[in-house]
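K.L.:
This is a predicted model, with the sequence first.
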Amino acid sequence: MKADRAGRKNIDDYIAAFAPEVQPILQKIRETIRKTAPDAEETISYRIPTFTLNGNLVHFAAFKNHIGFYPPVKGDKKLMAEISRYANERGNLRFPLDKRIPYALIGRIVKARVRQNLQRAKARKRKPGLRSVKT
């Protein structure tokens, strides 16, 4: 199932490069993210599908035996406990292709990431910046 990742311009191109049995999985992950974060923008970053909303929101990628989902979830202990069985040594998630993909869990992860990104954006706006001095 090796796919050449070079030259992908959009998520449609990325998905189309994979085996027919993997394409519906990637498309459903994409749809889950879009439904949960309708204001997020799609792009390709690090040569993989990426959604942005006040910064990087989530990335996903297909591999031979799993779907990778990034970045690691932090701060929500209940959610972190639920995803622990999918976490690799760096905290990024691996959803095995020979098991049922947890789309509802992906939606909850995206919702948590939206909340985190919006909080960070608000915090940046509240920081006092340099004020211009009128003379």
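P.N.:
Cool, the structure landed. Residues are numbered from 1 along each chain as shown.
K.L.:
In stretch 33-47, which residues are buried?
P.N.:
When burial is assessed from 16 or more other Cβ atoms under 10 Å, stretch 33-47 yields the following buried residues: 33, 36, 37, 40, 44. Any C-beta I mention is one placed from the backbone N, CA and C, and that applies to glycine too.
K.L.:
Measure how buried the residue lying closest to the second one once chain neighbours are set aside is and give me the count.
P.N.:
Ranked by Cβ to Cβ, 6 or more residues apart in numbering and with sequence neighbours excluded, the top spatial neighbour of residue 36 is residue 110, at 4.2 Å. Residues near residue 110, counting by other Cβ atoms under 10 Å, number 23.
K.L.:
Which helix or which strand is home to residue 110?
P.N.:
Residue 110 is part of helix 103-126, with elements assigned from DSSP states H and E.
K.L.:
Would you mind listing the buried residues in that helix?
P.N.:
The neighbour-count criterion (16+ other Cβ under 10 Å) identifies 103, 105, 106, 107, 108, 109, 110, 112, 113, 114, 116, 117 as the buried residues of helix 103-126.
K.L.:
so what secondary structure elements neighbour the lengthiest strand in the chain?
P.N.:
Using DSSP state E to define each element, the chain has its longest strand at strand 56-62. Strand 56-62 sits against helix 23-36, strand 48-52, strand 66-70, helix 103-126, with contacts defined as 3 or more Cβ pairs under 8 Å, 6 or more residues apart in numbering; DSSP states H and E.
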